[in-house]
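S.K.: turn this into a model:
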Amino acid sequence: MQTQLRHIASVALACVSASVAAGESTTIISLNPAATYLRTSNDPAPGAVALNLAALGISAGDRISLHRLGEWDNGPGGDTFTTLIAVFSAGDVLLPNDQPHRVPGAIAAGVPVITGPSYFGAVATDIPEDFVIAWSTYPNGEVCVIVPKGATHLFTSVGDSLFYDNVDPDRDWGLEIAVLDACAADLDADGVVGASDLGILLGGWGPSSVIGAPGDLDCDADVDAADLATLLGLWGGC
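M.R.: Below is the predicted model of the structure:
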């Protein structure tokens, strides 16, 4: 397994299930651990399915929870693996598996990962836009992320260098998706991201004792430059 986290601030971005307000719906999707959106070499792995965000009731600007369910089996290691990565895209196109960047509509979001070379041929697989859902740094296997502007689909993959032999013997491998806030950057709930929202965010600048407090768009218990960049990226939206 060759995937590693890029260097980020030491504050964990893990959400807790209690973040989902009572009455909010969640969607559970079964995943195939052999399917990937990453480049492969001599590896007849199927392509990852593009999850349609609109069909899931998700729009750009929404803050969502992505929660890994179950484990997958890489063959020699058994049904014990839990790594899960993903990438937002502006479309459902997935190029052939020998292409270095198979998701032409990829849009950066979340905590980025670096994927290492393929098992056979050691070809480069990394794309800069994908992010981590489950990792050893995230023991709950759950993260918050803001859906970026222009995103219409989500691709997922396990973190591995050889995919075709991955299996899910007990069929528990999947992803739970929940909308935590509709258009999280619309802090004053007036239907548009603008100057008033910027004022609210700046008013809460700095560390917070509450994960997901107003302005803490990336759920890291801190209102900072990352949250400001997210708000500005959604300016005029919602």
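S.K.: give the contact list for the residue lying closest to Trp205 once chain neighbours are set aside.
M.R.: Once flanking residues are discounted, Trp205 sits nearest to Val223: 5.2 Å by Cβ to Cβ, 6 or more residues apart in numbering. Where C-beta positions appear, they are placed from N, C-alpha and C, glycine not excepted. By Cβ atoms under 8 Å, 6 or more residues apart in numbering, the contact set of Val223 is Leu201, Gly204, Trp205, Gly206, Ser208, Ala213, Gly215, Asp216.
S.K.: do the same with Asp43
M.R.: Asp43 neighbours (Cβ under 8 Å, 6+ apart): Asn97, Ser118, Tyr119, Phe120, Leu162, Phe163, Tyr164.
S.K.: select only the buried ones of the residues you listed in ChimeraX?
M.R.: Typed into ChimeraX, the next command selects the buried ones out of the contacts of Asp43 (criterion: 16 or more other Cβ atoms under 10 Å):
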select :97,118,119,162,163
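S.K.: farthest pair in the contacts of Asp43?
M.R.: Longest distance between any two of the contacts of Asp43 is 13.3 Å, between Asn97 and Tyr119; criterion Cβ to Cβ.
S.K.: in this protein, what helix or strand scores lowest on average pLDDT?
M.R.: strand 4-5 (a mean of 46; mean pLDDT, DSSP states H and E).
S.K.: so after it, what's the next helix or strand?
M.R.: Under the assignment DSSP states H and E, the closest C-terminal helix or strand after strand 4-5 is strand 26-30.
S.K.: what does the helix or strand following that next one contact?
M.R.: Downstream of strand 26-30, the first helix or strand assigned by DSSP H and E is strand 51-52. With Cβ under 8 Å, 6+ apart as the contact definition, strand 51-52 has outside contacts at Ile29, Asp92, Thr152, His153, Leu154, Phe155, Thr156.
S.K.: ok, strand 51-52: who's next to it in the sheet?
M.R.: When pairs are called by DSSP bridges, strand 51-52 turns out to pair with strand 153-157 (antiparallel).
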